[in-house]
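1. Everything below, folded, please.
(2 chains)
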2 protein chains.
Amino acid sequence: MENFTFYSPTYFVFGKKTEEEAGKYVKKYGGSKVLIHYGGGSVIKSGLIDRVRKSLDSEQIPYVELGGVKPNPRSGLVYEGIKLCKEENVDFLLAVGGGSVIDSAKAIAAGTLYDGDFWDFYSGKMIEKALPVGVVLTIAAAGSEGSGDSVITKEDGMLKRGTGSETLRPKFSIMNPELTTTLPPYQTACGATDIMAHVFERYFTNTTEVEITDRLCEAVLTTMVKEAPRVIKDPTNYEARANIMWAGTVAHNGIVGVGRSQDWNSHAIEHELSALYDCAHGAGLAVIMPSWMEFVYKHNVMRFCQMATRVFGCHMNYENPEVTALEGIRRFRTFLHSIGMPINFEEIGAKEEDIPKLVDKLGLGDGKTGGFVELSSDDVAAIYKIAVNAHL
Amino acid sequence: MENFTFYSPTYFVFGKKTEEEAGKYVKKYGGSKVLIHYGGGSVIKSGLIDRVRKSLDSEQIPYVELGGVKPNPRSGLVYEGIKLCKEENVDFLLAVGGGSVIDSAKAIAAGTLYDGDFWDFYSGKMIEKALPVGVVLTIAAAGSEGSGDSVITKEDGMLKRGTGSETLRPKFSIMNPELTTTLPPYQTACGATDIMAHVFERYFTNTTEVEITDRLCEAVLTTMVKEAPRVIKDPTNYEARANIMWAGTVAHNGIVGVGRSQDWNSHAIEHELSALYDCAHGAGLAVIMPSWMEFVYKHNVMRFCQMATRVFGCHMNYENPEVTALEGIRRFRTFLHSIGMPINFEEIGAKEEDIPKLVDKLGLGDGKTGGFVELSSDDVAAIYKIAVNAHL
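-> Coordinates of the predicted model:
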């Protein structure tokens, strides 16, 4: 196990009707003028924004609003939000939505306290300060409610880039699984895939002797294998929604990844897909991650056997472990398909002839990524190629 | 799943040589005059206290010291610490030791900012404020480095009582597994038992549909089943020590218990044993917890089957699940014995004829405890009785 620090200071408020406490927690964390940031019309139609407004009103906290966040959130709206926050002297960001809304709010929070272009932070500059962010979560997926991460897409060139800072961790996150029951099955499945991917990015490590984090990873993964099909079958199943929502936070607040090297190449490779085709991040991951696994599994067959047996319930083939490793990957892809996810390029509208463009945008050039297995541009192209032809 | 809040704001610093950063973190969390609180001579002999002093010196932070904390920490030393902190204007408690030292430091931290008798807090009064506490951990066991809990024994009557408050959560906890490699096997095993007990107290719940926390519980338990025998065999095994140390924190910072009713009767029943006989808490738990399991398993045979199959690798007997449930309990007791733990009264110097006294001190009278199964005084006596005769 490697040395590490772990710090997850977000105050989580979980359960039914908890959105009614939004005002109380904004007050607790010092907000005196709020920007309510949200996405499309669903949070308005459902009455959620009204309940949040009411909750702020009851604490006499004034607010302005900025909606319109899209999946794969854009820099344009971030600039708009920063301008609004500066003009209105906003001192607290309240994100009402899923990962895209939270990530956009984090970008605004950092950009408001910065004189330069906020995109600097997404080009390698360290974030030193940011306005406090609170969350009312409506989609279990990104884990952004408990993380210090944010991913934004720059319209100019459709560049999708991420940043991370302890200062971006939400002060509080209100998580009511009821709010996710109206989410369509496809988006629900995308979220489930993203959650599992966040764990797998940490699970495939070259650090040995990390049993506790291995087991915690497997805890989240087995929970998803049980609960995701239940919500696809019955979207109103509160209990399954609740398990998935909390699993999504545990998957990405850092606790399942401490003390070990991590991978994150599937995320990077996927980002180019969702940036170019504007497909859902989870859908892109469903296409990329099993393909990545097929490309790298020989690097550590036993680790894939561990996944196969502990997560997907395969029997171990002691005579030929590769059979078990590949069976685990096959079961993962079959599982993704069973919850309605795409598994190849065609199903997300991606095109084989775009592979050189995708590889080029990733920007490795003659270099290599880090991670479980270092990848060259040629390796990435090979993974995209596997994803083109992937089938059950 | 039940509604819950989860808040674990402690900054964990984990790994080799991290104790050298103690001064840096005291400074970061605002300490300007420190009480270094510790136990016996081992932290002095090992040079640990010297390294901590040096680390404070290098940040120019003055300190006073108070050693002498014993296992099952006593109120007498807490009073002494409070007096010292008030006289010396201490504003930061630095606990260097295991659970007893940390619990004692927490009591001093709360008592120093309180005009009344600190014991009020251990008699039901809410703690509203406390000095900040930092930790340099030397024993993996109590989980006190990440929790807001503290247990103190009052010499007058040997009353062992606990309290809990978010204000008692350590600001930082420095965890270097190397510091635990000199711990004798018996104490190591006591710690391992305590860690597993912290999980089982949460695992046995009447809340249904808590797969994510069930799986997280099982992650810690399976880790302990793998790693504890390794450190007993080779106390210098850093990797196994590291896995156990972090498992101990995860077991008790709250994350494996959210959203569900919990039990804690084994802890309460054990506390009377260690208070009366001054045995190690973990040793008492090894005697009590399997006995408690045998007494209550019929309340939910399937939950014990889940433990038996998922944690102890039993094969499920679908024709007669009770066989599997009992086999799981048998394996737990056998496991505890295998790492050198006592399993019955005689092995900890407890006497059958003291049972009425133990039951009386627990103070249920004609009432009942809460938990997985409500227990009357007669039930508690029956559990002690099982523990008298327990064998492999």
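2. list the contacts for the residue in the stretch 51-200 of chain A positioned nearest to chain B?
-> In the stretch 51-200 of chain A, the residue that lies nearest chain B is residue A:177 (8.0 Å; C-beta to the nearest C-beta). To be clear about C-beta, it is placed using only N, CA and C from the backbone, and glycine gets the same treatment. With contacts taken as C-beta atoms under 8 Å, 6 or more residues apart in numbering or on different chains, residue A:177 has the following neighbours: A:15-16, A:140, A:238, A:241-242, A:244-245.
3. where's it relative to residue A:185, distance?
-> According to C-beta to C-beta, to the nearest Å, residue A:177 and residue A:185 sit 16 Å apart.
4. The residue nearest to residue A:68 when sequence neighbours are not counted: which element?
-> Nearest in space to residue A:68, with sequence neighbours left out and distances taken as C-beta to C-beta, 6 or more residues apart in numbering or on different chains, is residue A:77 at 5.9 Å. Remark: residue A:77 resides in helix A:75-88, with elements defined by DSSP states H and E.
5. try residue A:283
-> Secondary structure from DSSP H and E places residue A:283 in helix A:281-296.
6. Show me what that helix is packed up against.
-> helix A:185-203, helix A:265-277, helix A:321-338, helix A:377-389 (3 or more C-beta pairs under 8 Å, 6 or more residues apart in numbering or on different chains; DSSP states H and E).
7. mean pLDDT lowest for which of the ones you listed?
-> Ranked by mean pLDDT, the helices and strands packed on helix A:281-296 bottom out at helix A:265-277, with a mean of 94.
8. What helices and strands are in contact with it?
-> With contacts defined as 3+ C-beta pairs under 8 Å, 6+ apart, helix A:265-277 has these neighbours: strand A:159-164, helix A:185-203, helix A:281-296, helix A:355-362, helix A:377-389.
9. winner for burial among the ones you listed?
-> Per-residue neighbour counts averaged over each of the helices and strands packed on helix A:265-277 give the maximum for helix A:281-296, namely a mean of 27 (mean count of other C-beta atoms under 10 Å in any protein chain shown).
10. show me what contacts the closest residue to residue A:135 other than its chain neighbours?
-> Nearest in space to residue A:135, with sequence neighbours left out and distances taken as C-beta to C-beta, 6+ apart, is residue A:173 at 4.2 Å. By C-beta under 8 Å, 6+ apart, the contact list for residue A:173 reads A:10-13, A:134-135, A:137, A:145-146, A:249.
11. before we move on, what about residue A:40?
-> A:67-70.
12. tell me the secondary structure for it?
-> In terms of secondary structure, residue A:40 is coil; the call rests on DSSP: H, G, I helix; E, B strand; the rest coil.
13. Let me know the next secondary structure element after the helix holding residue A:77.
-> Sequence-wise, the next helix or strand downstream of helix A:75-88 (DSSP H and E) is strand A:92-97.
14. Take that next one, keep the C-alpha atoms, and write them as CSV.
-> Coordinates of the C-alpha atoms in strand A:92-97 are reproduced here as CSV (Å, rounded to 0.1, in the frame of the first residue of the first chain):
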residue,chain,number,x,y,z
PHE,A,92,-22.6,30.5,-2.5
LEU,A,93,-23.3,28.1,-5.4
LEU,A,94,-26.2,25.8,-5.1
ALA,A,95,-26.2,23.1,-7.8
VAL,A,96,-29.6,21.4,-8.3
GLY,A,97,-29.0,18.6,-10.7
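15. same for it, what does it pack against?
-> In this structure, strand A:92-97 packs against helix A:22-28, strand A:34-38, helix A:48-57, helix A:99-112, strand A:133-137, with contacts taken as 3+ C-beta pairs under 8 Å, 6+ apart.
16. Dump these to CSV, plus mean pLDDT.
-> Conversion of the helices and strands packed on strand A:92-97 to CSV gives the following (pLDDT from 0 to 100):
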stretch, mean pLDDT
helix A:22-28, 98
strand A:34-38, 98
helix A:48-57, 98
helix A:99-112, 98
strand A:133-137, 98
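17. Tell me which of these sits nearest to residue B:124.
-> Among the helices and strands packed on strand A:92-97, the nearest to residue B:124 by C-beta to C-beta is helix A:22-28 (25.4 Å).
18. May I have the phi/psi pair for residue A:260?
-> Summarising the backbone geometry of residue A:260 under the convention degrees, to the nearest 10, its torsions are phi -150, psi 150.
19. What residue spans form the domains of chain A?
-> With domains defined by automatic domain parsing, chain A comprises A:11-179, A:185-389.
20. Which residue lies nearest the spatial centre of chain A?
-> Within chain A, the residue whose C-alpha comes closest to the C-alpha centroid is residue A:142; the distance, by C-alpha atoms, centre = their mean, is 2.6 Å.
21. Show me the two of the contacts of residue A:173 that sit farthest apart.
-> Based on C-beta to C-beta, the longest span within the contacts of residue A:173 runs between A:134 and A:249 and measures 14.8 Å.
22. Between helix B:211-233 and the longest helix seen in chain A, find me the angle.
-> Longest helix in chain A, counting residues (DSSP state H): helix A:211-233. With axes from the mean of the first three to the mean of the last three C-alpha atoms, to 10 degrees as the criterion, the two stretches helix A:211-233 and helix B:211-233 enclose an angle of 160 degrees.
23. quick one, what contacts the residue nearest to residue A:82 when sequence neighbours are not counted?
-> If you skip the residues right next to it in sequence, residue A:82 has residue A:111 as its closest partner in space, 4.1 Å away by C-beta to C-beta, 6+ apart. The neighbourhood of residue A:111, defined by C-beta under 8 Å, 6+ apart, consists of A:78-79, A:81-82, A:118, A:121.
24. likewise residue A:195?
-> A:140-141, A:143, A:220, A:224, A:244, A:247-248, A:251-252.
25. Check residue A:37 too.
-> When contacts are counted by C-beta under 8 Å, 6+ apart, residue A:37 touches A:65-67, A:69, A:81, A:93-97, A:101, A:104-105, A:108.
26. quick one on the thing from earlier: now the two most distant members of the contacts of residue A:111.
-> Largest separation among these by C-beta to C-beta: A:81 and A:121, giving 14.1 Å.
27. right, and residue A:341 touches residue A:189 too?
-> Yes. Residue A:341 sits in contact with residue A:189 when judged by C-beta atoms under 8 Å, with a separation of 5.3 Å.
28. For residue A:138, grab phi and psi.
-> Torsion angles, degrees, to the nearest 10, at residue A:138: phi -120, psi -10.
29. With residue A:131 as the reference, measure out to it.
-> Distance, residue A:138 to residue A:131, using C-beta to C-beta: 21 Å.
30. Same question for residue A:50.
-> Residue A:50 sits 24 Å away from residue A:131, taking C-beta to C-beta as the criterion.
31. which residues does the closest residue to residue A:376 other than its chain neighbours contact?
-> Closest residue to residue A:376 in three dimensions, ignoring its sequence neighbours and counting by C-beta to C-beta, 6+ apart: residue A:368, at 5.3 Å. The neighbourhood of residue A:368, defined by C-beta under 8 Å, 6+ apart, consists of A:374-376.
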